[in-house]
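Engineer: Below are the sequence and a predicted model; questions follow.
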Amino acid sequence: MPCYSIEGVVPVIDPSAFVHPEAVLIGDVIVGPDCYVGPCAVLRGDFGRIVLERGSNLQDTCVVHGFPAHDTVVEENGHIGHGAVLHSCIVRRNALVGMNAVVMDDAEIGEAAIVAACAFVPAGKKIPARSLAAGMPAKVMRELTDQEVAWKLEGTRTYHDLTRRSLGSMKKVEPLAEIEPDRPRVQAPDVKPLIATKRG
């Protein structure tokens, strides 16, 4: 994977984490145990430190950066959706930042909170624990239900599973020219979108 030191500071990746070979890590980046970092994610620890704590995931095309002397931290089981941007902020334990959301400087996403897809969390904004925030700028809409918090954790566990699956079987290959007979499917866990839980 593209992994770079700067001024002698080298990224750290726990052996139990999976970092996709096309993610980019620079400088003061610490990827903890059981983490997942997706393809084309960029973690630029060339100003402030970036920390992914145990079991957190940072999905494809996410960007993480920060100001000097400001850590950007995703705590245990934090879940960062496709294309999100984190800058000098804290995402507390078991929180979710949705796809293409932006979380700005000194903002804090509370424990087990959810930031909706495409939301913009302004600098200094504190999203309370177990709340849903949405909009541009993001506003707290309501408290999350127990069912929603459980759904989020189930989704994060599918990324724990993906970490193990990727470490065990992902490899670079040449594509096939045609579909083979009886083409297998990947053995992903059965997790439903949140909308499906509401319909049920």
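Structural biologist: Alright, I've got the coordinates. Numbers count the residues shown, from 1 in each chain.

Engineer: does residue 168 count as helix, strand or coil?
Structural biologist: Per DSSP: H, G, I helix; E, B strand; the rest coil, the local secondary structure of residue 168 is helix.

Engineer: Could you count how many residues lie near it?
Structural biologist: Neighbour count for residue 168, taken as other Cβ atoms under 10 Å: 8. Every residue, glycine included, has its C-beta placed from N, CA and C.

Engineer: which residues does it contact?
Structural biologist: Not one residue lies near residue 168 by Cβ atoms under 8 Å, 6 or more residues apart in numbering.

Engineer: Now do the same for it: its pLDDT.
Structural biologist: With respect to pLDDT, residue 168 has a value of 95.

Engineer: Roughly how far does it sit from residue 146?
Structural biologist: Distance of residue 168 to residue 146, given as Cβ to Cβ, to the nearest Å: 33 Å.

Engineer: can you check residue 51 too?
Structural biologist: From residue 51 over to residue 146 the distance is 29 Å, taken as Cβ to Cβ.

Engineer: Please identify which of those two sits among more neighbours.
Structural biologist: Using other Cβ under 10 Å as the criterion, residue 51 and residue 146 rank with residue 51 on top: 20 against 8.

Engineer: is it true that the more buried one touches residue 32?
Structural biologist: Yes - using Cβ atoms under 8 Å, residue 51 is in contact with residue 32, at 7.3 Å.

Engineer: Let me see the residues that make contact with stretch 45-55.
Structural biologist: Residues outside stretch 45-55 that contact it (Cβ under 8 Å, 6+ apart) are 6, 9, 11, 17, 25-35, 37, 43-44, 58, 64-78, 88, 93, 156, 160.

Engineer: And stretch 7-22, by the same measure?
Structural biologist: 1-5, 25-41, 43, 45, 52, 60, 162-163, 166-167, 170, 172.

Engineer: Buried ones from these, can you make that a PyMOL selection?
Structural biologist: Buried residues within the contacts of stretch 7-22, by 16 or more other Cβ atoms under 10 Å, are selected in PyMOL with:
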select buried, resi 3+25+26+27+28+29+30+31+32+34+35+36+37+38+41+43+45+52+162+163+166
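
Engineer: so of the contacts of stretch 7-22, which ones are in helices?
Structural biologist: Among these, the members found in helices (DSSP state H) are 162, 163, 166, 167.

Engineer: okay, among these, which ones form the most distant pair?
Structural biologist: 162 and 167 (9.5 Å; Cβ to Cβ).

Engineer: For residue 45, give its distance to residue 57.
Structural biologist: Residue 45 sits 18 Å away from residue 57, going by Cβ to Cβ.

Engineer: do residue 8 as well
Structural biologist: Residue 8 is 29 Å from residue 57, by Cβ to Cβ.

Engineer: what's downstream of the lengthiest strand in the chain, the next helix or strand?
Structural biologist: What stands out as the longest strand in the chain, according to DSSP state E, is strand 42-52. The helix or strand immediately downstream of strand 42-52 is strand 57-58, counting by DSSP states H and E.
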